[in-house]
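Student: with the sequence up front, the predicted model follows.
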Amino acid sequence: MTFETNLPFKWEHDTASPNINAHTKLSIVRYESQYSFDSTKISQYFRRKLLKSGHDFGCIDVKDNQKSVHLLFARMGDKRHVGAKFHSETKEYLSRNAFKIKDIIVSTTHVDHFPNEENKLILLVFNGGNIQKEVLFSQYRHLVVSLIN
């Protein structure tokens, strides 16, 4: 018997984007577990633990369709912005402005949760933002205990 999963995502390459950071490396890693898949427990757990102000990493969106659960995680941080004014005719440097934007989303990771043919939890982790797997999986510490029971 073959088990097929209709993966609920599409890939569209954005070639018209003016954002120079739009084209980064994306890794997709599949993790298999020995824990039972329970979409209700997974979605309820992460809805209670959404990212709050003052934290630097957490879940920001939960989508549950009973056959799979989709989570979006974000890493918060600071970004520096520097602007400069130049004289259009002399090309002379006139002034410089620099400021820091605090507590903004600097990278994201998407995680799809779905069952295998034995109803064991499978994760597909889409990571392009240099989020370490230890930081991501620390979010699952208490969820795993509830999936065992």
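Tutor: Yep, it's here.
Student: what's the helix or strand for Thr109?
Tutor: Assigned by DSSP states H and E, Thr109 belongs to strand 93-115.
Student: buried sites along that strand?
Tutor: Buried residues in strand 93-115, defined by neighbour count with 16 or more other C-beta atoms under 10 Å: Val106, Ser107, Thr108, Thr109, His110, Val111, Asp112, His113, Phe114, Pro115. Every residue, glycine included, has its C-beta placed from N, CA and C.
Student: how close does Arg141 get to Ile42?
Tutor: Separation of Arg141 from Ile42 (C-beta to C-beta, to the nearest Å): 14 Å.
Student: what helix or strand is the closest residue to Lys63 other than its chain neighbours located in?
Tutor: Once flanking residues are discounted, Lys63 sits nearest to His70: 4.3 Å by C-beta to C-beta, 6 or more residues apart in numbering. Secondary structure from DSSP H and E places His70 in strand 69-86.
Student: between that strand and strand 93-115, how many degrees?
Tutor: For strand 69-86 against strand 93-115, the angle by axes from the mean of the first three to the mean of the last three C-alpha atoms, to 10 degrees is 170 degrees.
Student: packing partners for strand 69-86?
Tutor: Secondary-structure packing of strand 69-86 (3 or more C-beta pairs under 8 Å, 6 or more residues apart in numbering; DSSP states H and E): helix 39-48, strand 57-64, strand 93-115.
Student: related to what we said a few turns ago, I figured the residue nearest to Lys63 was touching His110, is that so?
Tutor: Yes: assessed by C-beta atoms under 8 Å, His70 is found in contact with His110 at 7.0 Å.
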